[in-house]
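In: Kindly return the folded structure for what I paste below:
(chains A and B)
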Amino acid sequence: MITNALSVARIVRLAVLSLGALLFLAPYIFMVSTAGKAQSEIFSSSLSLIPEQWSYIENFSKALSRVSMTTLLFNGVVVCALIFVIQIVVAIPCAYAMAKLKFRAARAMMVLVMLGLLVPIHATALPIYVAFDKLSVLNSYAALVAPFSISVFAIFLFLQFFRAMPDDLIHAARLDGMSEAGIVARVIVPNAWPAITAFAIFSVVAHWNDLFWPLIVVTNQDYATPPLGLLFFRAAEAGDDYGALMAATLIITLPLVSAFLLAQKRFVEGITMTGLKG
Amino acid sequence: MASVAAFETALAEPATREARIAWLLALPAILLLFLFILLPTLAVIVLGFTDFELGYGSFRFVGFENYAELFGDRTFRRSLWNTAVYTAIVTPVSIVLALAIAMLIEAETKGRAFFRTVYFLPVASLLVAMATVWQFLFHPTIGPINTFLALFGIAGPNWLGASGTVLYGLSIIGVWQSVGFNMVLFLAGLTAIPRELYSAAEVDGARSWFDRFRLVTWPMLGPTTLFVTTISIINSVKVFETVKTLTEGGPNKASEVLLFTIYQEGFVYLRVGYASAMTVVFLLILVVLMFLQYRVLDRKVHYA
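Out: Numbers count the residues shown, from 1 in each chain, chains lettered A, B, ... in the order given. Predicted structure coming up:
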């Protein structure tokens, strides 16, 4: 059996893991280091990680002045929050009906959900874009959020979760005279927090990072989400001012990474749960 | 017993009422599912048979003309090929690395949480932002990778700027980004293996590390591996962010990938009909992949 003693195998294992960890962290290390270097020092291509002259303030003020980072982060939060709340409000009652109510269309719904799981936004983007263009709703929060209002994956995940819930819980609530909507709100939701948190993490990570859809429907910087905003910033920066670019990158990566570091156990559990169910 | 009687009456309530409530609860989801998934999917299939271009009022049905054009379209063929090469590199490498890391972490008693966090970090990082960092790392003259290689007298390539290496550069980013996700799934799979199986295998003479892996770990991880493989392939086929951010399909179309080509045709050149035909091909690839997964799963269930 494995003991805590430092056997040779264990030293090798730790060495391999540490080296790998260093390689995986390297981009972050260089990001933080380069964000503090002056242009001339970056072009001297030295491998030293600590800036000779600390240019953090310069680079960060450049990053903050070119593109409004606060707008980007605000848009990201608004879009992700709207998407998540709508997805939950739409999916939970539907999954409850399919799992716990006698409902003849449930089977047909199941087929639709399974089909829906196959179709990513990339496949439906063209017609939705054409429709949004005709309705002149491009460049709006509505355009960013609407296509994701329905998450068949959420229905699928909650369906599995609800099926495992004891029927007695629901019968008891009915005997107490609760309406079905009341049961969803006051019995199902409080008991579904693990699934809801897991889905929240899945949904926020996916939509915070998504570039494809925002790129299609947003050309106005005022509605840019973080990935799109960074693309605009790159275009404005003409690519070579790596100090400012790394500072911008750092600002934009920080929110989700700190959320992850603060709640990393939840994150990993959430991704595992949604990953394995998907 | 009073509660049982009440329970009975609750059950005796007309089933139609329950069905009506069920419909009401499911209605928003059903409507949105039709509006944003079913209808657009059908529309994309129909549009694939038209010459619709955004900005022109009228369009006509052209039958399979778009598909015939696709076959002869060198950009599209290049794009399919590049996507296949990218997938063929990223999927196996990220799976093998993820499994190895997961097993090393699982065997370790201390520092588990630390290593898990580090390897998972790229999954929680904004890919467009990290791609920008990788662009700097890959920079032919001032990039740390080539500076490091120069220490050993190796002249590093122009990673993202040369048509011979651009796909490898993108693949490295792809592997870096996806290993953590696969690792977490493997870790869950590994923890689910009952410890007794290892002791039993040892009793049966599986002395070496490799024997235990071959006899217990690998077979027990079968379903996880199958799932990780499918999801990795699908994610690789969907590569877009890094290409759009770093190379725009260049140089010389050496990094044209499926979604990027669809994006260019449909949303930049606005040739919606033609791009729809490409989308149908993309969708077919996904359907075939899912079908293959079900087939393998099916066989496992029946013959295992």
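
In: How about the contacts made by the residue nearest the centre of chain B?
Out: The C-alpha lying nearest the average C-alpha coordinate of chain B belongs to B:Asn235 (CA atoms, centre = their mean; 1.4 Å). With contact set as CB atoms under 8 Å, 6 or more residues apart in numbering or on different chains, B:Asn235 has these partners: B:Ser178. From N, CA and C alone the C-beta is placed, and that goes for glycine too.

In: measure it to A:Arg66 for me?
Out: When distance is defined by CB to CB, to the nearest Å, B:Asn235 is 32 Å away from A:Arg66.

In: Then A:Leu82?
Out: For A:Leu82, the distance to A:Arg66 (CB to CB) stands at 27 Å.

In: Over to A:Ile128?
Out: Taking CB to CB as the measure, A:Ile128 and A:Arg66 are separated by 31 Å.

In: When these two are compared, which one has more neighbours?
Out: A:Ile128 (23 against 16; other CB atoms under 10 Å in any protein chain shown).

In: Surely the more buried one is within a helix?
Out: Yes: secondary structure assignment (DSSP: H, G, I helix; E, B strand; the rest coil) places A:Ile128 inside a helix.

In: where does it land on pLDDT?
Out: On the pLDDT scale, A:Ile128 is placed at 95.

In: In contact with it: list those residues for me.
Out: Contacts of A:Ile128 were listed using CB under 8 Å, 6+ apart, and they are A:147, B:36, B:40.

In: element containing the last one?
Out: This points to B:Pro40. Element membership of B:Pro40 [criterion: DSSP states H and E] is helix B:39-47.

In: so what are the domain limits for the chain?
Out: Defaulting to chain A. A:1-66+A:238-251, A:69-232 (automatic domain parsing).

In: that's the wrong chain, I meant chain B
Out: When chain B is cut into domains by automatic domain parsing, you get B:2-38, B:65-303.

In: which parts of stretch B:239-251 are buried?
Out: Along stretch B:239-251, the positions that meet the burial threshold by neighbour count (16 or more other CB atoms under 10 Å in any protein chain shown) are B:239-247, B:249.

In: Return the subset of the residues you listed lying in strands.
Out: Within those, no residue falls in strands by DSSP state E.

In: Need the residues you listed in JSON lines (columns: pLDDT and distance to chain A).
Out: As requested, those are arranged in JSON lines below (pLDDT from 0 to 100; distance: CB to the nearest CB, whole Å):
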{"residue": "B:Val239", "pLDDT": "93", "distance to chain A": "11"}
{"residue": "B:Phe240", "pLDDT": "94", "distance to chain A": "6"}
{"residue": "B:Glu241", "pLDDT": "92", "distance to chain A": "5"}
{"residue": "B:Thr242", "pLDDT": "93", "distance to chain A": "10"}
{"residue": "B:Val243", "pLDDT": "94", "distance to chain A": "10"}
{"residue": "B:Lys244", "pLDDT": "93", "distance to chain A": "6"}
{"residue": "B:Thr245", "pLDDT": "90", "distance to chain A": "6"}
{"residue": "B:Leu246", "pLDDT": "91", "distance to chain A": "10"}
{"residue": "B:Thr247", "pLDDT": "90", "distance to chain A": "12"}
{"residue": "B:Gly249", "pLDDT": "85", "distance to chain A": "14"}
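
In: B:Ala68 - how many residues pack around it?
Out: By the criterion of other CB under 10 Å, B:Ala68 has 12 neighbours.

In: And A:Gly182, what's its pLDDT?
Out: For A:Gly182, the pLDDT comes out at 87.

In: ok, now A:Ile196?
Out: Reported pLDDT at A:Ile196 in the predicted model: 91.

In: ok, now the one 5 residues further on?
Out: Reading off the confidence values, A:Ile201 has pLDDT 86.

In: buried ones in the host helix or strand of it?
Out: Here A:Ile201, judged by DSSP H and E, is contained in helix A:193-209. Neighbour counts over helix A:193-209 (16+ other CB under 10 Å) mark A:195-209 as buried.

In: restrict those to contacts with chain B.
Out: Among these, the residues within reach of chain B (CB under 8 Å from any CB of the partner chain) are A:205, A:208-209.

In: related to what we said a few turns ago, of the contacts of A:Ile128, just say which sits nearest to B:Arg78.
Out: Distances from B:Arg78 to the contacts of A:Ile128, taken as CB to CB, are shortest for B:Pro40 (27.3 Å).

In: need the contact list for the closest one.
Out: Counting by CB under 8 Å, 6+ apart, the residues that B:Pro40 touches are A:123-124, A:126-128.

In: Now distance to A:Val90 too, for these, in JSON lines please.
Out: Conversion of those to JSON lines gives the following (distance: CB to CB, whole Å):
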{"residue": "A:Ala123", "distance to A:Val90": "20"}
{"residue": "A:Thr124", "distance to A:Val90": "17"}
{"residue": "A:Leu126", "distance to A:Val90": "23"}
{"residue": "A:Pro127", "distance to A:Val90": "21"}
{"residue": "A:Ile128", "distance to A:Val90": "17"}
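
In: ok now stretch B:201-208, how far from the chain's centre?
Out: Its chain's average C-alpha position is 37 Å from that of stretch B:201-208, according to CA atoms, centre = their mean, to the nearest Å.

In: Repeat that for stretch B:37-48.
Out: For stretch B:37-48, the distance to the chain centre is 22 Å (CA atoms, centre = their mean).

In: Equivalent analysis for stretch A:60-69, please.
Out: 23 Å.

In: Repeat that for stretch A:109-123.
Out: For stretch A:109-123 - counting by CA atoms, centre = their mean - the centre lies 20 Å from the chain centre.

In: tell me the mean pLDDT for that stretch?
Out: Stretch A:109-123 comes out with an average pLDDT of 89.

In: quick check, A:Ala173 in a strand?
Out: No: note on A:Ala173: no strand contains this position according to three-state DSSP, which reports helix.

In: and it, how many neighbours does it have?
Out: Counted with other CB under 10 Å, the neighbours of A:Ala173 add up to 18.

In: cool, A:Val217 as well?
Out: 24.

In: got it, and A:Val257?
Out: The number of residues packed around A:Val257, counting by other CB under 10 Å, is 19.

In: So it is in contact with B:Ala129, correct?
Out: No: counting by CB atoms under 8 Å, A:Val257 sits too far from B:Ala129 to count as a contact (9.7 Å).
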